Structures are given as C-alpha cells and as structure tokens.
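Trainee: predicted model and sequence below, questions to follow.
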Amino acid sequence: VTAACLSLLILSTLLGNSLVCAAVLRFPHLRSKVTNLFVVSLAVSDLLVAVLVMPWRAATDVLGFWPFGAFCDLWVAFDIMCCTASILHLCLISVERYWAIASPFRYQRRVTRRVAFVTIGVAWLLSLLISFTPVQLQWHKDRELPGREQLGFNGSAEEGSCDPSLSRTYAISSSLISFYIPVAIMLGTYGRLFRIARRQLRRISSLERPAGQARSRAGSSDRPRETSPRNSLKKETKVLQTLSIIMGVFVCCWLPFFVLNCLVPFCDAELRVPGALPCVSGAVLSAFTWLGWANSALNPIIYAFNAEFRRAFASLLGWGCLCPGSAVETVTFSNELVSFHPDTTDHRALETLSHPHAVVQVQNHEVALERVSRGSSPPS
C-alpha cells in the first residue's frame, strides 16, 4: 500500500509538471507572457523533486533502510536545493503578481523577460548555495548531540542509513531562507492583493450601477446584470477563496515539516536533560516530509490551471476541448484589475475596465488576452 501511494504521488508530480513545461515549450503565446516564465521554472523545480528526491526516499521507506550508499550526501543536497527552489518560485510569483496589479504601468516597463530570467537565475543560485555548499563542506551535520549522530530514516542507528540530522545553526538558517522569509512575503503580497481586488470590485460595482440604470431608461433589451452589494460581496468572497487556496495549500504542506526541522536539532533522544524536547519518531518526520513534497504535485493545479493552460493540456493530450460547453467561474488577476467572469472556452462576458473613470463594458465577442499576464486561477 505504501509503495502504491508513493508511486502514485511521484507519477502525478511527474505528469503535472511535465505537462506545464511541454505546454509552454509547445505554444508560443504561453511563452510570451512573463508570468509563465516563473510558472515553468516552478514546474522545473517540482519536476526535479519528482526525479532527484522522491524516488530514493520512496525506496528507503519501502525497504526500511538506505540502499544507495554514498549517494546520501548528494541526495540531501538535491532535496534541499529542489525544495528551496520550489518555495522561492512561489514567493517570486506572488511578488510578480502584486507588482503587476499594484503598479501595472511600471510593471510593463520594468518587468521584462530579461529581468524575469535574472530573477529566476538568482533564485536557483540561492538554492544551490544553501544546499550544495554546506553539504559538501559538512556544515549541515549535527556532530554535537550524542545519540543522534546516525539517526536513519527508520529512526535507528545502523548500517544502510542516511543521516538526516542537521546542526542547529544550519537548521534555523536554512529554514529561514527556504520557508519562513518566503511565507512572510507571500502573506504580505497576497494580503495586499486582496485589498486591491476588493477596492477594484467595489469600484466596478459603483460604475455598473448607473450603466444599468441608463440601459433600463433607454429600454435596452439586454438583461440587466446584478449589481447589488450582495453580488459584490460574492465576488470579494471568490477572490478571498482563491487567495486562501493558494496560501492554504502551501502552508498546510510545508509548515509542519519546517516546524519539526527547527525543533529536531534541539531534541534529546535520551531525555537526559530535564525539560528537554523529546524527539519525534521517524514515521512522523517521514510523513511530514512527504506532505511537503506533495506540494510539488499540487502546484501545477494551482498555478497552471487557467483556461489557456487547460486548452494547451487538452491539445497535448489529444482530448480536444477539455470542458466543452461548461462554464467554470474563476477569478483572473490581470495587470489592470481583477476580472470576475464565467471562464468559458471563448472567454465570453469578460468584464473589462477600459479606463479608471469609464463605464464598465461587457463584451460578448472574443477578447484579446495578449496584454494580460494571467495569474493563478484555481478551479472552483
């Protein structure tokens, strides 16, 4: 059962992230958007988690011992590098989306493809420095506390184990860089994004109201759109749900692991010191580790599941239209505003704000989306 579950997780991670990379490479309109450069680099980091990290740990958990000998140190470095790169890319995407929405004109001038490539390169370089350098120099090892020098994945000191214990200094510093600082930045940017979205939705609602009244007086045959405060609240709730999914999945997957990652170096395996922290079992640490890696399987669903990527996936898989005739209500973060619309295959009824003081126009024809760098659109 364990082998089947772990194999399913590895395969789903491989499939999802491979589809994202293939879609961006295959379709030029996806490559043309700066946002998608960050998304595909995120997919590469998650793909490396599925190739360089997960299989070796899965074999160890199934067999009950580490069968790969001296590959241990290199595997630890790969683990730290790939997971750090994945988390840093999630942070970069949040900052890029915030800047695109908060300062759209400055964003279009300054956030070029070259800037995106440099930023992505810095994220990968930082991931390399925080992983391979300390591991190769053995700075990450915990050599001070007796009883945990060779604590294997199965929780026992024996041959065929890969020592995962970290020094206190390295555990704290690496956790700060790899998780706690990025999650603080993400909370700040997505919190600001929600406030901006709420303000724009209320502005749209206030502009729609006189437009609806004007159509009614003119005897327009078009069915008036609901512009009540309840509808505005519904849209705000949808935005909040979208942002909550983005942050909630990330925090739920990684927070348990990084809490333990900081506590384990301070635990006393033999409880010789009064008041010392008891060490958790190897099974608990393993479960939280896999929970963190599961985030790599969920990222393609969260960050690359908008309509454009869905059509690209369907084309790659030969499925034609992935969702024929079915409208899925999504929230799209564009550079100008937050659009709330039925996300159909032809993007009908997309609400756009052509000018801050103009009346909102509801367009029933094909909308040119080349100007819009799409953010994440989790499925409803």
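Mentor: Sure, I can see it.
Trainee: the helix or strand hosting residue 13: which residues count as buried?
Mentor: Per DSSP states H and E, residue 13 falls inside helix 2-26. Using 16 or more other CB atoms under 10 Å as the test for burial, helix 2-26 gives 6, 9-10, 12-14, 16-24. For the C-beta atoms, the positions are set from N, CA and C on the backbone; glycine is no exception.
Trainee: cool, and stretch 60-80?
Mentor: 60, 61, 66, 72, 73, 75, 76, 77, 78, 79, 80.
Trainee: phi, psi of the third one?
Mentor: To tie it back to what came earlier, the one meant is residue 66. Backbone torsions of residue 66, given as degrees, to the nearest 10, read phi -90, psi 110.
Trainee: give me the pLDDT for it.
Mentor: Residue 66 carries a pLDDT score of 90 in this model.
Trainee: where do the helices sit along the stretch 101-250 of the chain?
Mentor: 104-110, 113-136, 168-175, 181-217, 229-263 (DSSP state H, counting those that start in this stretch).
Trainee: quick one: which of the ones you listed is nearest residue 162?
Mentor: helix 113-136 (12.0 Å; CB to CB).
Trainee: okay, the closest one in CSV with CA atoms only?
Mentor: Extracted C-alpha coordinates of helix 113-136, given in CSV (Å, rounded to 0.1, in the frame of the first residue of the first chain):
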residue,chain,number,x,y,z
ARG,A,113,11.8,38.9,-20.0
ARG,A,114,15.4,39.7,-19.2
VAL,A,115,14.5,40.8,-15.7
ALA,A,116,12.5,37.7,-15.2
PHE,A,117,15.4,35.4,-16.3
VAL,A,118,17.8,37.2,-14.0
THR,A,119,15.4,36.9,-11.1
ILE,A,120,14.8,33.2,-11.8
GLY,A,121,18.6,32.7,-12.0
VAL,A,122,19.1,34.4,-8.6
ALA,A,123,16.5,32.0,-7.1
TRP,A,124,18.3,29.0,-8.5
LEU,A,125,21.7,30.3,-7.5
LEU,A,126,20.5,30.9,-3.9
SER,A,127,19.0,27.4,-3.8
LEU,A,128,22.4,25.9,-5.0
LEU,A,129,24.3,27.9,-2.4
ILE,A,130,22.1,27.0,0.5
SER,A,131,22.3,23.3,-0.4
PHE,A,132,25.4,22.0,-2.1
THR,A,133,27.9,24.3,-0.3
PRO,A,134,27.0,23.4,3.3
VAL,A,135,26.5,19.7,2.4
GLN,A,136,29.8,19.3,0.6
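Trainee: i'd like the first residue to be 59 from this point on
Mentor: Okay, residue one is now 59; in that scheme the one you just asked about reads as helix 171-194.
Trainee: helices or strands next to it in the packing?
Mentor: If you count contacts as 3 or more CB pairs under 8 Å, 6 or more residues apart in numbering; DSSP states H and E, helix 171-194 packs onto helix 92-106, helix 129-160, helix 226-233.
Trainee: coming back round to it: redo the helices of the stretch 159-308 of the chain as TSV? Include distance to residue 107.
Mentor: Output for the helices of the stretch 159-308 of the chain, formatted as TSV (distance: least, CB to CB, whole Å):
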stretch	distance to residue 107
helix 162-168	30
helix 171-194	12
helix 226-233	16
helix 239-275	16
helix 287-321	12
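Trainee: in terms of mean pLDDT, which of the ones you listed ranks lowest?
Mentor: Lowest mean pLDDT within the helices of the stretch 159-308 of the chain: helix 239-275, a mean of 80.
Trainee: so what does it touch, helix or strand wise?
Mentor: So helix 239-275, by 3+ CB pairs under 8 Å, 6+ apart, packs with helix 129-160, helix 287-321, strand 386-391, strand 396-401.
Trainee: out of those, flag the one nearest residue 111.
Mentor: Per CB to CB, nearest to residue 111 of the helices and strands packed on helix 239-275: helix 129-160, 4.9 Å.
Trainee: helices or strands up against the closest one?
Mentor: helix 92-106, helix 162-168, helix 171-194, helix 239-275, helix 287-321, helix 340-361, strand 386-391.
Trainee: buried deepest among the ones you listed, which one?
Mentor: Mean neighbours per residue, mean count of other CB atoms under 10 Å, is largest over the helices and strands packed on helix 129-160 for helix 92-106, with a mean of 23.
Trainee: and it with helix 60-84, angle?
Mentor: Helix 92-106 and helix 60-84 are oriented at 150 degrees to each other (axes from the mean of the first three to the mean of the last three CA atoms, to 10 degrees).
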